[in-house]
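**Student:** kindly generate the corresponding structure for this input.
(2 chains)
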Amino acid sequence: MTKFLTGAAVRIPLIIWSILVVFPLIWMFIGAFKSNAEIFSSPWSMPETYNFGNFVSAWVDFSIGSSFLNTIFVTVLGTVLCLAFSIPTTYALERLRFKGSEVLFNVYLASMMIPAVLGWIPLFFLLMNMNLLDNLFALSAVYAISQVPFTIFILSSFMGSVPKELEEAAAVDGMSPYGVLFKIVTPMVKTGIITASILNAITFWNEYFMALILLQTESKNTLGVQMDLLSTNAQYESAWGALFAGLVIAVVPVIIFYAIFQRHIVKGMTEGAVKG
Amino acid sequence: MVQSKKQKYLFLTFCLLPTFLLFVIFTVYPMVNGIYLSLFDWSGMSANREFVGFENYVRMFNDEIIGKAIYNDYFFVVTKVIGIMILSLFFAVALTQLKVKEAPFYRVVFFFPNIMSVVVIGILWQFIYEPDIGLVNGLLTSIGLESWTRPWLGSMEWALPSLVVPAIWAGIGLFMLLLMGGIMNIPKSQYESAEIDGASEWQQFWKITVPLIWPQIKTSMIYIVITSLNGSFVLVQIMTNGGPGNETEVMGSYLYQKAFEDFQFGYGATIGVLILILSLVTVLIMQFVLKREKVEY
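**Tutor:** Below you'll find the model as predicted:
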C-alpha cells in the first residue's frame, strides 16, 4: 500500500507536467483546423469539419510559404558553412600542437560566454556598409560564424579520440596534410559532425533576433520573423486559424527532426551546456 | 612526418586563418566596436556622429526605465533559477532513482520545448493567456473560479510573473537531463551503505545526491543566469513588447527599442555594455558563492 502511495506521489507531478507540455501543442494542432468563428465559440472542442483553408491562408496570404523556403535555405547553408569553417580549425588546434594553439582554443571557448547582444548594433552597420543587409547568403554566413566556437568545442572531443597512427601511416604513404585532414580524419569524426550539425541546424531554424535586425523585406524573411509579423497581423484581422496553422508549419519540421535524431540532440545539448 | 617547415606553416595557415579572420570581423570587432559606440551620440547616419564621452552612461543612470528593466531582468533570473532548479531536480531524481518504468517517455516529452523556437513558444503562450479564448481563463472558469480570470499579459501586476511561466516551461528539459547525467554517475554503493546506516531517502538526497551533483547544479544555475540576462528579452519582445506601459521591459528589449526603433544607436550600445558588465559580474559572484558552499561539504 505505501509502495502504491509513493508511486502515485511521484507520478502525479510527472503526469501533470506531461500534460502541461503536450496539451498546448495538441490545442495548437486542433486550432489549426478550425474556422475563426469556431475558435471563439468553442475553443476547447474538436473541430466540426477539418478544413485546410487555414494552412493555405498562412502559406500564401501571410507569406509563411516563402519564409519557410528562406529558412530551409539559411539553415542548410549556415550548417554547411559552419562545418567548412570549423573542421580545419579544430583539426589544427587539436592535432597540430603549435605555439598558441591552446590560447586560440580558449579564445574561441571564452567567446561563447560573452553576450552577443552588444555586438548586434555594430554588426548591423558592418553589413550595411558591405551592402549585405537583407541578404540571405550574408545571414547564413553570420549564423555559421556565430556557431563556430560551439562546433569547435563539440568536434574537438571527437577529434581527440582519432588514433594518431592512422594519420602517421597515411603521411608515410605520401599523403599530403590536406589529404589526411579531408580523407582520413574528417570521415572518422562523422558522429561529431552529425551531432554538431543537428544542433546548429535547430539553432538556425529557430533563430529570430539576428534575422529581425539583418533582414528588411518581407520576401526575405525567415520563419521566426514572419511568424512574429503574422501574430501581430492576426490580432488586427482576427485570423487566429491562420496563426495556429502557421505555428504548426513552424513546429512540424522540428518534431520530425526530434523524432529521428532524439539521441543525438539530447547528447549534444547536454554536452554543449556543460561548457558553462 | 616528411614535410618542410614552410609546408607545415602553409597548412596551418590554410586551416586557421580564414576562420579566424571571419571570427574577428563578425564576432570580435562588433563587440569592441559596441563599447566604442557607447561613447557617441549617433542616429545611424555617418554624418552626424558626435563624441559625447560618458554622457550616455550618465543618462542611463538617470533613466527610470533602466532601473525597471534591471529589476525585471533579475526578477526573471531569480524566479527562473528557483523554478527551474526545483522542478528539474525533482524530475531528475524521480526519473533516475524512484523506479518509474515509463521514465524514457517523460524524458522525451519534457525535453521537447527546449528545441522549439522562442517565437513559437511566445505566440503559443500568448494564446494560452488570451482573455477570451485562452486556456488559463477557460480552465479557471470551468472550475468555478471565474473571479480569478483576468487579461494576464495586459495586467500591470500579473504580466511579469506570467512571462516567467513559459520561460520555466521551456527550460526544464535541458537542466533535467544535465542533472540526470550527474545522478547516474553516482556509484550505487554510496546509497547502499547509507541505507545500512539507516538514512532515510530524504537524508540520502541531501547528504549524497546534492553534494555529489553539485558541479552540475552549479553549472546549471550559471547557465540559466547567462541565458536569461542575454535571451529573456526575446520572449518579452514577442509576448508583451515591454508593456503594459514599461511594466515588463528588460534590458535587451529596451536596447532594441532605443537602437532600432528610436535610432539612438549610441545609447543602445550603452545598454549593451550594461548587459555585458552585469552578466560578467553576476557570473563571477555566483562562481564565488557557489564554490564556498562546495568546500563546506
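**Student:** for chain A, see how far away B:Leu153 is.
**Tutor:** B:Leu153 sits 12 Å away from chain A, taking CB to the nearest CB, to the nearest Å as the criterion. For the C-beta atoms, the positions are set from N, CA and C on the backbone; glycine is no exception.
**Student:** tally of neighbours for that residue?
**Tutor:** Neighbourhood size, B:Leu153 [other CB atoms under 10 Å in any protein chain shown]: 24.
**Student:** next one: B:Val78
**Tutor:** Other residues near B:Val78 come to 13 when the count uses other CB under 10 Å.
**Student:** now do the same contact list for it.
**Tutor:** Contacts for B:Val78 (CB atoms under 8 Å, 6 or more residues apart in numbering or on different chains) come out as none.
**Student:** name the element it belongs to?
**Tutor:** Assigned by DSSP states H and E, B:Val78 belongs to helix B:64-97.
**Student:** so how far is that helix from its chain's centroid?
**Tutor:** On the basis of CA atoms, centre = their mean, to the nearest Å, helix B:64-97 sits 9 Å off its chain's mean C-alpha point.
**Student:** quick one: average pLDDT of the next helix or strand after it?
**Tutor:** Counting by DSSP H and E, the next helix or strand C-terminal to helix B:64-97 is helix B:103-111. Across helix B:103-111, pLDDT averages out at 90.
**Student:** and helix B:103-111, how far from the chain's centre?
**Tutor:** Computed by CA atoms, centre = their mean, the chain-centroid distance of helix B:103-111 equals 22 Å.
**Student:** now for it, which elements pack on it?
**Tutor:** If you count contacts as 3 or more CB pairs under 8 Å, 6 or more residues apart in numbering or on different chains; DSSP states H and E, helix B:103-111 packs onto helix A:2-31, helix A:240-273, helix B:64-97, helix B:159-184.
**Student:** alpha carbons of that helix, in PDB - could you do that?
**Tutor:** What follows is helix B:103-111 as a C-alpha-only set of coordinates in PDB (Å, rounded to 0.1, in the frame of the first residue of the first chain):
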ATOM      1  CA  ALA B 103      10.800   7.200 -17.400                       C
ATOM      2  CA  PRO B 104      12.000   7.400 -21.100                       C
ATOM      3  CA  PHE B 105       8.600   8.700 -22.100                       C
ATOM      4  CA  TYR B 106       8.800  11.600 -19.700                       C
ATOM      5  CA  ARG B 107      12.300  12.300 -20.700                       C
ATOM      6  CA  VAL B 108      11.400  12.700 -24.300                       C
ATOM      7  CA  VAL B 109       8.300  14.800 -23.600                       C
ATOM      8  CA  PHE B 110       9.900  17.100 -21.100                       C
ATOM      9  CA  PHE B 111      12.800  17.900 -23.300                       C
END
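**Student:** next, the angle from it to helix A:2-31.
**Tutor:** 40 degrees (axes from the mean of the first three to the mean of the last three CA atoms, to 10 degrees).
**Student:** tell me where the stretch 151-297 of chain B is predicted with low confidence.
**Tutor:** Scanning the stretch 151-297 of chain B for pLDDT under 70 picks out B:292-297.
**Student:** just the element for the residue of it found nearest chain A, please.
**Tutor:** Chain A sits closest to B:Gly272 of the stretch 151-297 of chain B, with a gap of 3.3 Å, by CB to the nearest CB. Applying DSSP H and E as the criterion places B:Gly272 in helix B:265-296.
**Student:** which one of the helices and strands packed on helix B:103-111 lies closest to A:Gly119?
**Tutor:** With respect to A:Gly119, and counting by CB to CB, the nearest of the helices and strands packed on helix B:103-111 is helix B:64-97 at 18.7 Å.
**Student:** hmm, the lowest-mean-pLDDT helix or strand in chain A touching chain B?
**Tutor:** When each helix and strand of chain A is scored by mean pLDDT, DSSP states H and E, helix A:36-41 comes last, with a mean of 78. Yes - counting by CB under 8 Å from any CB of the partner chain, chain B has neighbours in helix A:36-41: A:Ile39, A:Phe40.
**Student:** give me the buried positions along that helix.
**Tutor:** A:Asn36, A:Glu38, A:Ile39 (16 or more other CB atoms under 10 Å in any protein chain shown).
**Student:** who are the contact partners of the second one?
**Tutor:** Residues touching A:Glu38, when contacts are defined by CB under 8 Å, 6+ apart, comprise A:Pro47, A:Glu48.
**Student:** if you set the cut-off to 6 Å instead, what comes out?
**Tutor:** When contacts are counted by CB atoms under 6 Å, 6 or more residues apart in numbering or on different chains, A:Glu38 touches no other residue.
**Student:** how about the last one?
**Tutor:** Residues near A:Ile39 by CB under 6 Å, 6+ apart: A:Gly31, A:Trp240, B:Ile133.
**Student:** neighbours of the nearest residue to the last one once chain neighbours are set aside, how many?
**Tutor:** Counting by CB to CB, 6 or more residues apart in numbering or on different chains, the nearest residue to B:Ile133 once its immediate chain neighbours are dropped is A:Pro43, at 4.1 Å. The burial count assigned to A:Pro43 is 20, neighbours taken as other CB under 10 Å.
**Student:** tell me the secondary structure of A:Pro43, please.
**Tutor:** Per DSSP: H, G, I helix; E, B strand; the rest coil, the local secondary structure of A:Pro43 is coil.
**Student:** please list the residues of the stretch 51-200 of chain A that sit near chain B.
**Tutor:** Within reach of chain B by CB under 6 Å from any CB of the partner chain, the stretch 51-200 of chain A has these residues: A:85, A:88-89, A:92, A:111, A:115, A:117-119, A:121-123, A:142, A:145, A:171, A:177.
**Student:** just flag the most distant two among those.
**Tutor:** Farthest pair in those, by CB to CB: A:Ile121 and A:Ala171, 47.2 Å.
**Student:** higher neighbour count, the two?
**Tutor:** A:Ile121 (28 against 17).
**Student:** okay, the angle between the helix or strand where the more buried one lies and helix B:265-296?
**Tutor:** Element membership of A:Ile121, judged by DSSP H and E, is helix A:120-129. Helix A:120-129 and helix B:265-296 are oriented at 140 degrees to each other (the same axes, to 10 degrees).
**Student:** burial of the nearest residue to A:Phe29 once chain neighbours are set aside, as a residue count?
**Tutor:** What sits nearest to A:Phe29 in space, not counting adjacent residues and going by CB to CB, 6+ apart, is A:Val248, at 6.0 Å. Residues lying near A:Val248 (other CB under 10 Å) number 21.
**Student:** I figured A:Val248 hits A:Ala32, correct?
**Tutor:** Yes - with contact defined as CB atoms under 6 Å, A:Val248 reaches A:Ala32; the gap is 4.6 Å.
**Student:** assumed A:Arg51 was part of a helix.
**Tutor:** Check again: residue A:51 is Asn, not Arg. No - using three-state DSSP, the secondary structure at A:Asn51 is coil, not a helix.
**Student:** quick one: residues contacting it.
**Tutor:** For A:Asn51, the contact set (CB under 6 Å, 6+ apart) is empty.
**Student:** next one: A:Val274, what pLDDT does it get?
**Tutor:** Residue-level pLDDT assigned to A:Val274 equals 54.
**Student:** what's the answer for A:Glu271, then?
**Tutor:** pLDDT, A:Glu271: 69.
**Student:** so what's the residue count around the residue of the stretch 51-200 of chain B found nearest chain A?
**Tutor:** For the stretch 51-200 of chain B and chain A, the shortest gap (CB to the nearest CB) falls at B:Ser117, measuring 3.4 Å. Using other CB under 10 Å, B:Ser117 has 23 neighbouring residues.
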